[in-house]
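Participant: A structural model of the following input is requested.
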Amino acid sequence: MTTALFTALLIVGFVWLSRGSGRRLGLTGAAGLILAFVALPFVSVIAARTDQGIAPTALALAGLYPGLWLAPLLGLVAFLASARANERVSGVLLTLAGLAGVVTAFGFQQGTDRFLTLRPVPGVLEVTFPLVLAGALYLLLLGGRPSGRARRTGFLVTTLVPLTLMVFLFSGPAAKLFPSLRGYYQLGSGITAAQSKLVVSDWALDISGYLQADIAKRARDWKDTRAKLSAPAVGTDRAKQRKDYYDLTDEANLWRRLPGDVTPLPQAIGSPADMPPGFGPGPAASDAGVRRAVSRAQEYGFQSWTLFSVLAFGGGLIALFRRRLLAVPLAGSVAAGQERRAELSSAVTLALVVAAVAAGFHSTGFNFRDLWVNWPWIADFFARSVPPNVAFLDEVMKQMLITINIALIGTIVGALFALPLSLLAARNLTQNTWLTRALYFVTRTFFNVDRGVDTLILALVLVAGLGLGAFAGALAMAVHSIADLGKLYSEAIENADQGPIEALESAGAPGTSVVRWGLLPQVLPLFLSYTLYRFEINFRVSIVLGLVGAGGIGFLVQETMRGGQAHYAEAMTAIIVIVLVVNILDFISAAVRRRLV
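Facilitator: I've put the predicted structure just below:
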């Protein structure tokens, strides 16, 4: 929550200082609040087993936490009213929506952990995905307001393709292909009296079995970790101790106990509401569908909710009290209407982008605290790798030469195949006959497929088929370079001046002469520039290919790192050589490209 608050305050401060549009910022927050309420995981819901847990949306919890409705409803009102209301009215509504969102977030975090039952809502994702696709197709095909045949074609595609997808997702084959899609979206409701009895009886069994013993064990772990942290340690040992420390702290926070607290848990509870915070229902209750929402177990939807709430609140205040740098269009004018439509559409777009970025941070586990926790290992690595092992330089240079050759051969072979294929992939050279148009389609498809398969994946397949060594790496590099260079070459050909080409064709020159004298003199400098640039990229990629057994200095770095602390100095030698050679090749390539183009 702290990160979301800090990020939002930075954005609001920047808009305030730059005298930007507060209403646009506030509308982004309002749209994001609605999106976070409906679509983003809010907090964790736990059960007896980890595979029974889930992270529902705020909408799924709103039946048990009615206060969650207030902020998104105010955000919806502010968003709809801003289509007609003036900036001051929009500012008031956005400020109220943002304030409600912030208060709700803080209140929910300190609130009670509720027991609930989650029930799937069929058809939500089966309808949502086609609607999202329809919106994307509309923006792509009809956003520029085409006319005539293009408009009719765009309308048909925008309508028929999402409908076809929807019909497929509701079909039997889709249920077999995507079994988790059906009933993925769930809504929460209260538990029954029978389920409450199971919660109570499970607690009596668990407390006599392991719960109190587990509390005591974690208190001992806390004491042991604190003692180790006060003693000298470096590297992996210190990183593990710090990780244990923060894990125990986080768990104590969910239980709302001080770390190391051994206060006895209640031996019996009269109802589920008497269960201490942070503990999930027992096995029997969990199998009966009982779950518990842990209000402090925040998911990225909770963080997004906080961020959007502050954006709405701050944007509303800016709209109320900070005059924009650019003059506001007169109310009722055409310019005012255009600005409002632009604000609404950009707000929705920005909210979707922020939500996608938040999901990306969550899925990658991006966390600055983990970097801080593991910093002792990183510091220990650098301490043990200095000074570099100069005696290892001879072997490093041999492997570096292999790496350069992998990139060089891969680039040259790729360019040799890409050059003729690029002629078939250029639209302006392949529109005369049905055969050349078919070749154009086939070549372009090959380029797209080839570019879609990463060089590292190709190297893994070729290493498995050809064995370890530089040949597999060079071949993977060449195959991928064909598509990348072919696409760049074909675009250069399409942008070439058609005058010399048409003059030679009108004079009756054969096709080879047209290409030789009318096309190549124009595009050859670009071809050489693109090839050199591709060589730079291939060299960097060839270092990574060594990690999967494709030879070169990457393989050497992997082996030295596997050797443990005694070989850190050798790994540092290789890393320094890599950095130096990369910079040297970049300078040489840039100088040559400046002379060519």
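
Participant: what about the closest residue to residue 40 other than its chain neighbours, distance to residue 344?
Facilitator: Once flanking residues are discounted, residue 40 sits nearest to residue 301: 3.1 Å by C-beta to C-beta, 6 or more residues apart in numbering. All C-beta atoms are positioned from the backbone trio N, CA, C, and that covers glycine. Computed as C-beta to C-beta, to the nearest Å, the residue 301 to residue 344 distance reads 23 Å.

Participant: who's more crowded, these two?
Facilitator: For residue 301 versus residue 344, the count of surrounding residues by other C-beta atoms under 10 Å is larger for residue 301: 25 against 18.

Participant: give me the element the more buried one is part of.
Facilitator: Under the criterion of DSSP states H and E, residue 301 resides in helix 300-321.

Participant: gap between the strand of greatest length in the chain and the chain center?
Facilitator: Looking across the chain with DSSP state E, the single longest strand is strand 290-298. Strand 290-298 has its C-alpha centroid displaced from the chain centroid by 25 Å (C-alpha atoms, centre = their mean, to the nearest Å).

Participant: name the helices or strands packed onto that strand?
Facilitator: Using 3 or more C-beta pairs under 8 Å, 6 or more residues apart in numbering; DSSP states H and E, the elements in contact with strand 290-298 are strand 43-46, helix 87-109, strand 114-120, helix 193-206, helix 235-255.

Participant: Can you tell me which of these is most buried?
Facilitator: Of the helices and strands packed on strand 290-298, the one with the most neighbours on average (mean count of other C-beta atoms under 10 Å) is strand 43-46, at a mean of 23.

Participant: continuing past that one, what's the next helix or strand?
Facilitator: Per DSSP H and E, the helix or strand that comes after strand 43-46 is helix 58-61.

Participant: Show residues contacting that next one.
Facilitator: Contact partners of helix 58-61, identified using C-beta atoms under 8 Å, 6 or more residues apart in numbering, comprise 36-38, 40, 42-43, 68, 72, 114, 116, 118, 185-188, 293, 301, 305.

Participant: ditto for stretch 261-273
Facilitator: Contact partners of stretch 261-273, identified using C-beta under 8 Å, 6+ apart, comprise 112, 115, 191, 196, 199-200, 203-204, 207-208, 211-212, 215-216, 219, 252, 257, 274-276, 281.

Participant: Of all the residues in that stretch, which ones are buried?
Facilitator: 265, 269, 272 (16 or more other C-beta atoms under 10 Å).

Participant: ok, now stretch 9-26?
Facilitator: So stretch 9-26, judged by 16+ other C-beta under 10 Å, has buried residues 11, 12, 15, 16, 20, 21, 22, 23, 24, 25, 26.

Participant: quick one: contacts of whichever strand or helix holds the second one?
Facilitator: What it means is residue 12. Using DSSP H and E, residue 12 sits within helix 2-17. Residues from elsewhere that reach helix 2-17, judged by C-beta under 8 Å, 6+ apart: 20-22, 25, 303-304, 306-311, 314-315, 318, 322.

Participant: any idea how far it is from the chain center?
Facilitator: The answer for helix 2-17 is 21 Å, by C-alpha atoms, centre = their mean.

Participant: which residues sit in contact with residue 207?
Facilitator: 265, 266, 267, 268.

Participant: what about it, distance to residue 214?
Facilitator: Distance of residue 207 to residue 214, computed by C-beta to C-beta: 10 Å.

Participant: Which single one of the buried residues of stretch 9-26 is nearest to residue 548?
Facilitator: residue 11 (40.8 Å; C-beta to C-beta).

Participant: Distance check, residue 443 against residue 322.
Facilitator: Separation of residue 443 from residue 322 (C-beta to C-beta): 55 Å.

Participant: repeat for residue 383
Facilitator: For residue 383 relative to residue 322 (C-beta to C-beta), the value is 50 Å.

Participant: These two: who's more crowded?
Facilitator: Each of residue 383 and residue 322 has its neighbours counted (other C-beta under 10 Å); residue 322 has more, 15 against 11.

Participant: Select from the buried residues of stretch 9-26 the entry with the lowest predicted confidence.
Facilitator: Taken together, the buried residues of stretch 9-26 show their lowest pLDDT at residue 20, with 78.

Participant: what sits against the most centrally placed residue in the chain?
Facilitator: The chain has residue 360 as the residue nearest its centroid, 2.6 Å off, counting by C-alpha atoms, centre = their mean. With contact set as C-beta under 8 Å, 6+ apart, residue 360 has these partners: residue 366.

Participant: Wasn't it part of a helix?
Facilitator: Yes: counting by DSSP: H, G, I helix; E, B strand; the rest coil, residue 360 is part of a helix.

Participant: where's it relative to residue 6, distance?
Facilitator: 19 Å.

Participant: cool, and residue 402?
Facilitator: Taken as C-beta to C-beta, the span from residue 402 to residue 6 is 47 Å.

Participant: Neighbour count for these two, which is higher?
Facilitator: Between residue 402 and residue 6, counted using other C-beta under 10 Å, the more crowded position is residue 402 (20 against 11).

Participant: what number of residues lie near residue 544?
Facilitator: By other C-beta under 10 Å, the residues close to residue 544 number 15.

Participant: what's near enough to touch it?
Facilitator: Counting by C-beta under 8 Å, 6+ apart, residue 544 has contacts 456, 554.

Participant: While we're on it, how confident is the model there?
Facilitator: Residue 544 carries a pLDDT value of 82.

Participant: Repeat that for residue 28.
Facilitator: Looking at residue 28, the pLDDT reads 92.

Participant: Restrict the helix or strand that contains it to CA atoms and write it as PDB.
Facilitator: Assessed by DSSP H and E, residue 28 sits inside helix 22-39. The C-alpha trace of helix 22-39 is given here as PDB (Å, rounded to 0.1, in the frame of the first residue of the first chain):
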ATOM      1  CA  GLY A  22      -6.600  17.800 -13.100                       C
ATOM      2  CA  ARG A  23      -9.900  16.500 -14.500                       C
ATOM      3  CA  ARG A  24      -8.100  14.100 -16.900                       C
ATOM      4  CA  LEU A  25      -6.000  12.800 -14.000                       C
ATOM      5  CA  GLY A  26      -9.100  12.500 -11.800                       C
ATOM      6  CA  LEU A  27     -11.100  10.700 -14.600                       C
ATOM      7  CA  THR A  28      -8.200   8.200 -14.900                       C
ATOM      8  CA  GLY A  29      -8.500   7.500 -11.200                       C
ATOM      9  CA  ALA A  30     -12.300   7.200 -11.400                       C
ATOM     10  CA  ALA A  31     -12.100   4.800 -14.400                       C
ATOM     11  CA  GLY A  32      -9.400   2.800 -12.600                       C
ATOM     12  CA  LEU A  33     -11.500   2.600  -9.400                       C
ATOM     13  CA  ILE A  34     -14.300   1.000 -11.400                       C
ATOM     14  CA  LEU A  35     -11.900  -1.400 -13.100                       C
ATOM     15  CA  ALA A  36     -10.200  -2.400  -9.900                       C
ATOM     16  CA  PHE A  37     -13.600  -3.000  -8.200                       C
ATOM     17  CA  VAL A  38     -14.800  -5.300 -11.000                       C
ATOM     18  CA  ALA A  39     -11.800  -7.000 -12.400                       C
END
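
Participant: Isn't residue 72 up against residue 40?
Facilitator: No: Residue 72 is beyond contact range of residue 40, at 11.6 Å (criterion: C-beta atoms under 8 Å).

Participant: Can you name the next helix or strand after the lowest-mean-pLDDT helix or strand in the chain?
Facilitator: Between all helices and strands in the chain, the lowest mean by mean pLDDT, DSSP states H and E belongs to helix 511-513, at a mean of 60. With elements assigned by DSSP H and E, the helix or strand that comes after helix 511-513 is helix 520-545.
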